[in-house]
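Undergrad: Just a sequence and a predicted model for now, questions to come.
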Amino acid sequence: MGAGGVESGPVVSGPGVSGQGGGPQANCPSCGASIGFRWAGAVQTTCGYCHSILLRHDLDLTQVGEVSQPPPATSPVQLGTEGFYEGRPFTVVGRIAYRYGRGHWSEWHIVFSDGASGWLSDAQEEYAVTFAAEEPAHLPSAREVRPGKSVFYATTEYVVTTLTTAQYAGVEGELPFEYWDKEEVLFVDMRSEGGDFATLDYSEEEPLLFTGEHVAFEGLRLTGTREVEPEAVQDVKTLGCPNCGGSVTIRAAGVALNVVCESCGSVLDAASPGLDILQKFEEHRRIEPDIPLGSVGRFKGADYTALGFQIRTITVEGLDYSWREYLLFSPEHGYRYLSEYDGHWNFITTVKSLPKRISGGHPKAVLHGETFKHFQTATARTTYVLGEFPWQIRVGDRAVCADYVLPPRLLSSEATDEEVTWSLGEYKTGKEIWQAFGLSGQPPRATGVFANQPSPHANTASRAWGTFGLLAALLAALLVVRMALPNSRFVDRETYVYDPARPDSAVVVMGPFTVDGRPSNLEVSTVADVSNNWLYLNFSLLNVDTGDATDFGREVSYYFGVDGGERWSEGDQDDRALVPRIPPGEYVLRIVPEGSARANYAVQVRRDVPARAFYALALLAILAPAILVTLRSAGFETKRWAESDHAPED
């Protein structure tokens, strides 16, 4: 949100900041109270006793109005708080409080040691530091701004994210301009892809531009803060519902704007003394959250209290799909969310940087260098609420939601006519949620595959392929070494002629030859000059010492020709047979050829020949697990995307 309210020229830069009571002094013209200035450049201040707005003329004060006490701040920041921004010390000297339909926020006027001033925006425990832009270029009129519109300043492209019509709720402390009793003002928040933040303030005829960035509370190194825990979360109040008389508990007094009666479902104004009815819920049903409201859970080293609960529903092809959301609050870290659908959980944080959308093909969004794939876009409506919220919420609220996934993260945008917000979810299991909140029993069982659920097979598949690569390399190395061994495996080689017309060529005996050492395989290879013919060889490997014989037969055939002008061939002129585990000893090889034509053929015997089929089978054996895991992973991804806007076609 912007600082707003400039009426008389630019921000005043004085000579510096003085400590409380150590700067210029004056008396309130209304009540006579002593007024001390922390900032020598202050144009206006507020009397802390009678709440008069005082305009400064050197040390003469003129009363120009009186305002009601601004709403209590729910952050640790207060007048006099000191901190650092980009290494420069500053002091909080003033505050403007704003109220709008979804809540309220504060703009704290901060002054640096060199007299320069800026603004510390405090909106629902999210902080930003901004400064008035110097000589901004042409800025769009209030009629031209809308969510998604680009606004350029210097070298930065900002995109409009939020339009807020706010009322001044009060002021306190020292301000750099004359102001009192403002009416409604339009503020336009903008963000850039680089994380820059800016606000357009339409309180004047010409819009004002404030630029800066979101900051982490811890990075401000604040001192002189006030305690907020009791007021923010632990200050529990119990009141009666004006609709049904039921008991209504407010756990975050001072923070909650809406609270929902657990008995009748009416949405009540938590800021009104009598809990005014804002909306009656006609459906008389009661849904118990799995996480009881008021429970405290610990995430990333911080404690969060469950304040609110809502059910949101989308309709796809005539079917309703609902999920549950919990609002969590930490005084130190602000608001977070938990969502649950079919037992799948996400811990959600709002995003300060504006993601870059990429259209064409499968749409994507890029955030901090990571690319998320579009999963689904649908209009979500609130169908049930319970608990309390720091903004106005109603049953029937609608927003266009777009989800992008990069498991285990889920990047989402929600768009209304006034606002576009981005959030980043991190997948959690039910077991993790139950442990964080210390809940008894078992969490809802997860069913199906969720959008950003990490695949249980993803790492398994990569490990399986890594193992396969290692084993395949070892297998290849073994084969190379095996083939590179000295050629001591040669046993015998002979050449023969088969002629059907000569009976003495029908039977030949090769050997004797010796197979020594350990049992090993024998390769019997044959080369024959058959041409459009065949030769069949009956082999019998006979151990001369034991008389044991191993019989097998092999055929060598080769045919070729021309058919329709195209050459063709079938078979080969050589053949090889591998006889496994032949014991050492003296052997002969008896050969009985058969054929219809004369043929020359040669037979060679070798031992310890690498069994290529063995290596092929071994390769398939180590490949099978990787393929199986990959198929399972692919099946998981198919189930994931089946529920998206990009479901695979049947």
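TA: Received, thanks.
Undergrad: Pull the residues that contact stretch 442-450.
TA: 290, 340-344, 427, 429-431, 433-434, 453, 636, 639-640, 643 (C-beta atoms under 8 Å, 6 or more residues apart in numbering). Using the backbone N, CA and C atoms, a C-beta is placed for each residue, glycine as well.
Undergrad: tell me which element the closest residue to residue 551 other than its chain neighbours falls in.
TA: Using C-beta to C-beta, 6 or more residues apart in numbering and skipping the chain neighbours, the partner closest in space to residue 551 is residue 540 (4.9 Å). Using DSSP states H and E, residue 540 maps to strand 533-543.
Undergrad: Given that strand, what are its sheet partners and their directions?
TA: Strands that pair with strand 533-543, judged by DSSP bridges, come out as strand 549-563 (antiparallel), strand 585-595 (antiparallel).
Undergrad: Using PDB, write out every CA atom in it.
TA: C-alpha atoms of strand 533-543 as PDB (Å, rounded to 0.1, in the frame of the first residue of the first chain):
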ATOM      1  CA  ASN A 533      22.400 -73.900 -52.100                       C
ATOM      2  CA  TRP A 534      22.800 -75.400 -48.700                       C
ATOM      3  CA  LEU A 535      25.100 -77.600 -46.700                       C
ATOM      4  CA  TYR A 536      24.000 -79.400 -43.500                       C
ATOM      5  CA  LEU A 537      26.700 -80.700 -41.100                       C
ATOM      6  CA  ASN A 538      26.200 -83.300 -38.400                       C
ATOM      7  CA  PHE A 539      28.800 -82.900 -35.700                       C
ATOM      8  CA  SER A 540      29.800 -85.300 -33.000                       C
ATOM      9  CA  LEU A 541      32.400 -84.200 -30.400                       C
ATOM     10  CA  LEU A 542      33.900 -87.300 -29.000                       C
ATOM     11  CA  ASN A 543      36.100 -87.600 -25.800                       C
END
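Undergrad: buried stuff in it?
TA: 533-535, 537, 539, 541-543 (16 or more other C-beta atoms under 10 Å).
Undergrad: which one of the residues you listed is nearest residue 155?
TA: residue 534 (82.8 Å; C-beta to C-beta).
Undergrad: correct me, but that closest one touches residue 555?
TA: Yes. If you go by C-beta atoms under 8 Å, residue 534 and residue 555 touch, sitting 6.2 Å apart.
Undergrad: And residue 353, how far from residue 191?
TA: 7 Å (C-beta to C-beta, to the nearest Å).
Undergrad: Comparing those two, which residue is more hemmed in?
TA: residue 191 (23 against 18; other C-beta atoms under 10 Å).
Undergrad: Any idea what that one is bridged to?
TA: Beta-bridge partners of residue 191, as defined by DSSP bridges: residue 159, residue 197.
Undergrad: Isn't it up against residue 354?
TA: Yes. Here residue 191 reaches residue 354: they are 4.2 Å apart, a contact under C-beta under 8 Å.
Undergrad: Stretch 90-107: which residues count as buried?
TA: So for stretch 90-107, counting by 16+ other C-beta under 10 Å, buried means 90-100, 102-107.
Undergrad: now swap in stretch 310-325 and tell me
TA: Buried residues in stretch 310-325, counted by 16+ other C-beta under 10 Å: 310-312, 314, 323-325.
Undergrad: mean confidence score for it?
TA: Averaging pLDDT along stretch 310-325 gives 92.
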